[in-house]
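>>> Predicted structure and sequence below. I'll ask about it afterward.
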Amino acid sequence: MGLLQGATELFPVSSLGHAVLIPSLLKWSFKQSDPSFLPFLVLLHIGTATALLVLYRQEWVAIIRGFFTAAFRGQIQTDTERLAMLLLVGTIPAAILGVYLQTRIKSLFASPYAAAVFLVINGGLMITFELLRRRAERRAAVTASSRAEQEEQFAHAERISFRAAAIVGACQALAFLPGISRSGVTIGGGLLAGLRHREAARFSFLLATPTILGAGVVEIPQLFSSGVPIAEYVAAALLSGIAAYASARFLLRYFRSGRLDPYGFYCIAAGLVSLALLHFNL
Amino acid sequence: MKSTGLAIGLGVLGVVFLIIGVLYGFGVLQIAVSDTHSAHHYTHLILFVVLAVASFVAANFARPKGTVYVTDRPRR
């Protein structure tokens, strides 16, 4: 579960959808309604967030410094300060929606069937994001010999508008639906805001860090409840962190010239196959 | 968009968020919480502290800066 969570959290394929579907399909014995499952998920998320913090450690130091400098000065003067404020603006809608809606939405749709259906919808969203992006490329009359050069014509994360950052941040709330990917919708939102793929992934990962870490840290007291096998859970969190680090490195390299639609096709196929397996009880 | 009125409004909003956060923290407020039996709602407390900080930062951004002192004294 640790490896699965770490790998799928950052890939645009929905970790929650896979966490609901795979145990059900493989007939794993644990129940998600079990009181010890929440602390388990908390530690896995902390593992993922720690991996992102390690990956962007220098950038986070600059962002935090830039945040305080700009906040006290009351003015944005550098790209890092702008990025810090964009991340704040993007995190707030996700935090509000997360605190007030997450539990209700998750309890409404926590069935493998719902996860499979939303996985298909997630695939459709990824493909739609790419189609809209291709239209933007045609409209901007981007002419370049290679995909990498073509990507260079689009913007850095620091250039996104504050309104776009807020919308992309709010889109993270869609990921409360099992099967809808947080990184998928934020990368897609970044693409629609005119970012190059790699920058959209970078912005998505930076935006995910405080959200995932915050969601994990507030649940830490649950870890100290009796009957939680801390050592096993910490081992799973370590595996989750390692998988998340490796997948983030892979994705940043992939998105230099790669697109979202292969993940879209994967989600549609995985969702349909899961629906069939669940329906025929295989 | 800079004005003293907007800055004051955002500052007041920040204070309101802080008060709401503290009320959630002490369990006085029980609005839209998942566990109504809990004495403290730290998640809501953290959320409202973040909102308060964001409001204070926005207030500082909205505050007019660089006051120009006008003098009628002739330059020498």
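Arrived safely, thanks for sending. Residues are numbered from 1 along each chain as shown, chains lettered A, B, ... in the order given.
>>> Near chain A, which residues of chain B are found?
Contact residues, chain B versus chain A (Cβ under 8 Å from any Cβ of the partner chain): B:32, B:34, B:42-44, B:46-47, B:50-51, B:54, B:56-57, B:60-61, B:63, B:65. For every residue, glycine as well, the C-beta is placed using N, CA and C.
>>> Could you identify the most distant pair in those residues?
Farthest-apart pair in the residues of chain B next to chain A is B:Ser34 and B:Lys65; separation 42.7 Å (Cβ to Cβ).
>>> So between these two, which is more surrounded?
Neighbour tally, B:Ser34 and B:Lys65, criterion other Cβ atoms under 10 Å in any protein chain shown: the higher count belongs to B:Ser34, 13 against 10.
>>> Report the lowest-confidence entry in the residues of chain B next to chain A.
Ranked by pLDDT, the residues of chain B next to chain A bottom out at B:Ser34, which has 65.
>>> Count the residues that sit near residue 51.
In the absence of a named chain, this looks at chain A. Other residues within reach of A:Ala51, judged by other Cβ under 10 Å, total 28.
>>> if you could check chain B rather than the one you did, that'd help
Per other Cβ under 10 Å, the neighbour tally for B:Leu51 reads 20.
>>> Need the pLDDT of the closest residue to it other than its chain neighbours.
Spatial nearest neighbour of B:Leu51, chain neighbours left out: B:Phe17 (4.4 Å); criterion: Cβ to Cβ, 6 or more residues apart in numbering or on different chains. On pLDDT, B:Phe17 comes in at 94.
>>> Quick check: which element contains B:Phe17?
If you go by DSSP states H and E, B:Phe17 is part of helix B:4-25.
>>> Just after that helix, pick out the following helix or strand.
helix B:42-62.
>>> quick one, what contacts the closest residue to A:Gln172 other than its chain neighbours?
Take A:Gln172 and drop its neighbours on the chain: the residue closest to it by Cβ to Cβ, 6+ apart is A:Ala94, 4.0 Å away. Contacts for A:Ala94 (Cβ atoms under 8 Å, 6 or more residues apart in numbering or on different chains) come out as A:Gly169, A:Ala170, A:Gln172, A:Ala173, A:Leu207, A:Thr211.
>>> thinking the second one is in contact with A:Pro93, fair?
Yes: assessed by Cβ atoms under 8 Å, A:Ala170 is found in contact with A:Pro93 at 3.8 Å.
>>> Show me the common contact partners of these two, please.
Residues touching both A:Ala170 and A:Pro93 by Cβ under 8 Å, 6+ apart: none at all.
>>> Give me the residue ranges of chain A where confidence is low.
A:29-36, A:38, A:106, A:109, A:141-152, A:222, A:225-228, A:282 (pLDDT under 70).
>>> and the residue of it nearest chain B?
Nearest residue of chain A to chain B: A:Gly74, at 3.9 Å (Cβ to the nearest Cβ).
>>> you'd agree A:Gly169 is up against A:Val89?
Yes: using Cβ under 8 Å, A:Gly169 is in contact with A:Val89, at 6.8 Å.
>>> So which of these two has more stuff around it?
When A:Gly169 and A:Val89 are compared for neighbours, A:Gly169 comes out ahead with 25 against 21, by other Cβ under 10 Å.
>>> What distance do you get for the more buried one to A:Thr209?
The gap separating A:Gly169 from A:Thr209 is 13 Å, by Cβ to Cβ, to the nearest Å.
>>> ditto for A:Ala70
Distance of A:Ala70 to A:Thr209, given as Cβ to Cβ: 19 Å.
>>> do the same with A:Leu251
Look at A:Leu251 and A:Thr209: by Cβ to Cβ, they are 15 Å apart.
>>> quick one, phi psi at the spatially most distant residue from the centre of chain A?
Within chain A, A:Arg73 marks the point farthest from the mean C-alpha position, 31.8 Å out by Cα atoms, centre = their mean. Main-chain dihedrals, A:Arg73, degrees, to the nearest 10: phi -80, psi -30.
>>> Sticking with A:His45, tell me its helix or strand.
Counting by DSSP H and E, the element that carries A:His45 is helix A:37-55.
>>> Pull out the buried positions in that helix.
Buried positions in helix A:37-55, judged by neighbour count with 16 or more other Cβ atoms under 10 Å in any protein chain shown: A:38-53, A:55.
>>> From those, list the ones also adjacent to chain B.
For chain B, no contacts are drawn from those by Cβ under 8 Å from any Cβ.
>>> ok, the residue lying closest to the residue of chain A closest to chain B once chain neighbours are set aside - contacts?
Spatial nearest neighbour of A:Gly74, chain neighbours left out: B:Asn60 (3.9 Å); criterion: Cβ to Cβ, 6+ apart. The contact partners of B:Asn60, taken as Cβ under 8 Å, 6+ apart, are A:Ala71, A:Phe72, A:Gly74, B:Ala7.
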